[in-house]
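Engineer: can you look at this prediction? I've put the sequence above it.
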Amino acid sequence: MKARIAAVCGLLAAASVAHAETSVRLDMGLVSGAVSGDAARRVGIAERGYGLLFGAGLGRSSFVAGLDATFELIEDRAIFTQPTTTGVMSSSTAVYDFGFYGGARKRFGNPGAPLIAGVNAGYNIAFGLRMIDYCQDCYQEKLHLKDGFYLEPSLAIGMDRGWQIGASFRVYTGSDFRTMILLRATKAY
């Protein structure tokens, strides 16, 4: 685990040594993530979820580094029920994925609306919760999901200082996640 964290820190440090003006990047988007079949059966969830992405990072020349978080709703296949003050309620599940990444970008096309191709390498920390929604004292379970590395090729269209719209595809290794499709909007300042 410490070696993995050191590798991610190395990626982040490598992104900061380029010689150019630094830009701040804010990301938001939609995601669809796939969990391995074994992990899904082990924790009692479906293999695919859908949700949101939020992130922030720094860009410098052709390099980027940052943090992001995804929140996905995913079908609960080990539902429990519990009496509450509003009646008997059923559980639902959510999966959370926090990522640290570093990457490179290459611009193609005219300066007005360039095509941006890139690749990120990162590490994710994943977990889930099974709980009764909107219930303060109800039972809940933590879903244990394995962390791991990912590689994420991406394509986007946009300006250096402005909006960028794009898509990417994460492939995980060593994690209970298998893949994730991301549609994102990035605002670079």
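Structural biologist: Yep, it's here. Numbers count the residues shown, from 1 in each chain.
Engineer: show me where the chain has its helices.
Structural biologist: Ranges of helices within the chain are 2-15, 37-43, based on DSSP state H.
Engineer: weakest of those by average pLDDT?
Structural biologist: Mean pLDDT across those is lowest at helix 2-15; the value there is a mean of 57.
Engineer: what's the spacing between the residue positioned nearest the centre of the chain and residue 143?
Structural biologist: Nearest to the geometric centre of the chain sits residue 70, at 4.4 Å (C-alpha atoms, centre = their mean). In this view, residue 70 and residue 143 are 15 Å apart by C-beta to C-beta, to the nearest Å. Just so you know, the C-beta spots here come from the backbone N, C-alpha and C atoms, and that holds for glycine as well.
Engineer: now residue 129
Structural biologist: Taken as C-beta to C-beta, the span from residue 129 to residue 143 is 6 Å.
Engineer: ok, now residue 126?
Structural biologist: 9 Å.
Engineer: what sits in contact with each of the two?
Structural biologist: Taking C-beta atoms under 8 Å, 6 or more residues apart in numbering as the criterion, residue 126 and residue 143 both touch residue 95.
Engineer: can you pull out the low-pLDDT segments for the chain?
Structural biologist: By pLDDT under 70, the weakly predicted segments of the chain are 1-20, 111-113.
Engineer: what ranges does it have for its strands?
Structural biologist: For the chain, strands defined by DSSP state E occupy the ranges 22-35, 45-60, 63-76, 81-84, 87-90, 92-108, 115-131, 140-144, 148-158, 163-173, 177-188.
Engineer: report the spatially nearest residue to residue 172, omitting neighbours in sequence.
Structural biologist: residue 150 (4.6 Å; C-beta to C-beta, 6 or more residues apart in numbering).
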